[in-house]
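Asks: sharing a model that was predicted from the sequence below.
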Amino acid sequence: MTYTHNTYGDDFADVYDEWYHDLDVIDDCIEFLLQLATGGTVLELGVGTGRIAIPLAIRGAALGVSVIGIDSSVAMLERLETKQGEGARVKVVLGHLVQDMTEGTFSVVLLAYNTLFNLLSADEQLECLCRVATRLAPGGHLVVDCFVPASELPNFIAAHVHRVTPTGVVISEAVVIADQQRVDGVFTEVFNDGRRVEHPWSIRYSSVADIDAMATLAGLKCEQRWSNYGRDEFTDESARHISVYGRAPIHGA
């Protein structure tokens, strides 16, 4: 099977909410984004099943904040739509998060956990940040949320239990291609009745310094950096970073 930009969404849509509902303290995440949005529009790139976007739209409605989400996976967006209730809703757009990036200006553009790494080349990651820079409203912000890669990674991450589910276990294993900063992995669901379902994934990881350098080329400047949405200090030991970028000032302007 050839891995494409749709593979992750199509293969993970039916398990995403069960596996990743506890990835963040969602109230911290929503409050963090609402403080940045200041009554404008939030664009989430790679919106998935709406884990963040739906509660953001509901909470943000009273503050004049609207939410647009784009994703290339029909399966993910179908899951999102089934979860939307009455009242404030996420406007969804089917398309590639870079090539089909939504037009308009936004108070916040969000690349939630590792979404940037789903773009499998440095050029595409840079293009993403460059396009975002053209869509930020004056005073707007880009939020990049990623894990912090270790300085050295093993060539192979052996099979191990990723999580236990009510119906079995999930086994994870991966191959690291260090010179490409790429990891190709698979989660295998092993059900209690013996069935096995594989969920392949691939990422192209970037260091914090790499992302800062790309942001600089895009005309963006880091304004804040935290280790989580609760604003715990980012340190050399942090496993994750929430980095907030704004437009860099134009010299001589």
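Replies: Yep, it's here. Numbering: from 1, shown residues only.

Asks: what separates Leu153 from Ala213, distance-wise?
Replies: Leu153 is 20 Å from Ala213, where distance means Cβ to Cβ, to the nearest Å. Bear in mind the C-beta positions are built from the backbone N, C-alpha and C, glycine included.

Asks: my error: substitute Leu120 in the last question.
Replies: Distance of Leu120 to Ala213, computed by Cβ to Cβ: 18 Å.

Asks: looking at those two now, which is surrounded by more residues?
Replies: Comparing Leu120 with Ala213 by neighbour count (other Cβ atoms under 10 Å), the higher total belongs to Leu120, at 18 against 14.

Asks: I'd assumed the more buried one was in a strand, is it?
Replies: No: counting by DSSP: H, G, I helix; E, B strand; the rest coil, Leu120 is not part of a strand but coil.

Asks: tell me the confidence at it?
Replies: Leu120 is assigned a pLDDT of 95 by the prediction.

Asks: ok, and the closest non-adjacent residue to it?
Replies: Once flanking residues are discounted, Leu120 sits nearest to Arg204: 4.6 Å by Cβ to Cβ, 6 or more residues apart in numbering.

Asks: repeat that for Thr167.
Replies: Phe191 (5.4 Å).

Asks: residues touching the one you found, list them.
Replies: Counting by Cβ atoms under 8 Å, 6 or more residues apart in numbering, Phe191 touches 167-168, 197.

Asks: equivalent analysis for Leu217, please.
Replies: So Leu217 contacts 126, 129-130 (Cβ under 8 Å, 6+ apart).

Asks: how long is stretch 147-165 end to end?
Replies: Terminal residues of stretch 147-165 are spaced 24 Å apart (Cα to Cα, to the nearest Å).

Asks: tell me which element Val47 is part of?
Replies: Under DSSP states H and E, no helix or strand contains Val47.

Asks: that one touches Arg79, doesn't it?
Replies: No: in this structure Val47 lies outside contact range of Arg79 using Cβ atoms under 8 Å: 10.5 Å.

Asks: quick one on the thing from earlier: quick check, nearest of the contacts of Phe191 to Asp100?
Replies: Nearest to Asp100, judged by Cβ to Cβ, of the contacts of Phe191 is Val197 at 29.6 Å.

Asks: tell me what that closest one is bridged to.
Replies: Judged by DSSP bridges, the bridge partners of Val197 are Glu189.

Asks: against Asn228, how distant is it?
Replies: Distance, Val197 to Asn228, by Cβ to Cβ: 31 Å.

Asks: now Gly40
Replies: For Gly40, the distance to Asn228 equals 24 Å [Cβ to Cβ].

Asks: sorry, back to before: Val197 and Asn228 - which one has more neighbours?
Replies: For the pair Val197 and Asn228, the greater number of neighbours falls to Asn228 (19 against 14), based on other Cβ under 10 Å.
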